[in-house]
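**Student:** Provided below are the primary sequence and the corresponding predicted coordinates.
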Amino acid sequence: MSGPVVEGDQVSCSRVGGAMRRESSRLRQHAQSLNGALAELAGWTGPEADAARAAIVDALRALRATVDDLDEAGAALQRYATDLAEAHELGRRAEVRVQEAGLLMDGTRVVEPWGPADSQEAEMRRAQLPAVQARVDLATACAGRARGRLGREMTRLAQCFSDPSRCSSDPSRGSSDPSRATDPARIAPLPPL
């Protein structure tokens, strides 16, 4: 055996995703506190007051966008961890089938072992090889699809983090979760200026 069919640490991915989502929640609470403080400034008038409120409102919008993006990134890592756990289980089962069939792994390729074997044993191995290879391919494809989804989501979110204006005004900014799209019902209303 050359190593596990599927590599990766789903537990660590889940933990990092959970930490990101907790931090997002904590930042969301700070945004609500800032929103409350802004409401308390309603009695303050004049050009300086208007400029200060406008700056706070802009900061709140940026903070909310960052909070949403951080939560989405954490959720994407947790989805990936689940997909990776499934791929690991498929890989483990494939490895068991390889051993039961008397075959060997060369990377992700199933091969017959070298050395003498009687014709009946060799024929039995050859007959099982395609089905066993299909199981290995299923596990690696599952992991590959999960990595591809995670990569696309992280690329999108990296663009959002570097330029929030590209994502916060885009109603389809959400990934595979339509409820994550910018929706007026999801965003608490800002106090009037």
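**Tutor:** Looks like it came in fine.
**Student:** In space, what's closest to the most centrally placed residue in the chain - neighbours in sequence excluded?
**Tutor:** Geometric centre of the chain, nearest residue: residue 76, 2.2 Å, by CA atoms, centre = their mean. Nearest residue to residue 76, sequence neighbours excluded (CB to CB, 6 or more residues apart in numbering): residue 153, at 4.3 Å. C-betas here are computed from N, CA, C, even on glycine.
**Student:** what's the helix or strand for that neighbour?
**Tutor:** helix 119-162 (DSSP states H and E).
**Student:** Determine the longest helix present in this protein.
**Tutor:** Across the chain, the longest stretch assigned as helix under DSSP state H is helix 47-100.
**Student:** what's it packed up against?
**Tutor:** For helix 47-100, the elements it packs on are helix 10-40, strand 104-106, helix 119-162, helix 164-168, judged by 3 or more CB pairs under 8 Å, 6 or more residues apart in numbering; DSSP states H and E.
**Student:** how about these in TSV, adding mean pLDDT and distance to residue 90?
**Tutor:** Shown next, in TSV, are the helices and strands packed on helix 47-100 (pLDDT from 0 to 100; distance: least, CB to CB, whole Å):
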stretch	mean pLDDT	distance to residue 90
helix 10-40	90	13
strand 104-106	92	14
helix 119-162	91	4
helix 164-168	64	34
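**Student:** if we can go back for a sec, just want the angle from the helix holding residue 153 to helix 10-40.
**Tutor:** Using axes from the mean of the first three to the mean of the last three CA atoms, to 10 degrees, the direction of helix 119-162 lies 20 degrees away from that of helix 10-40.
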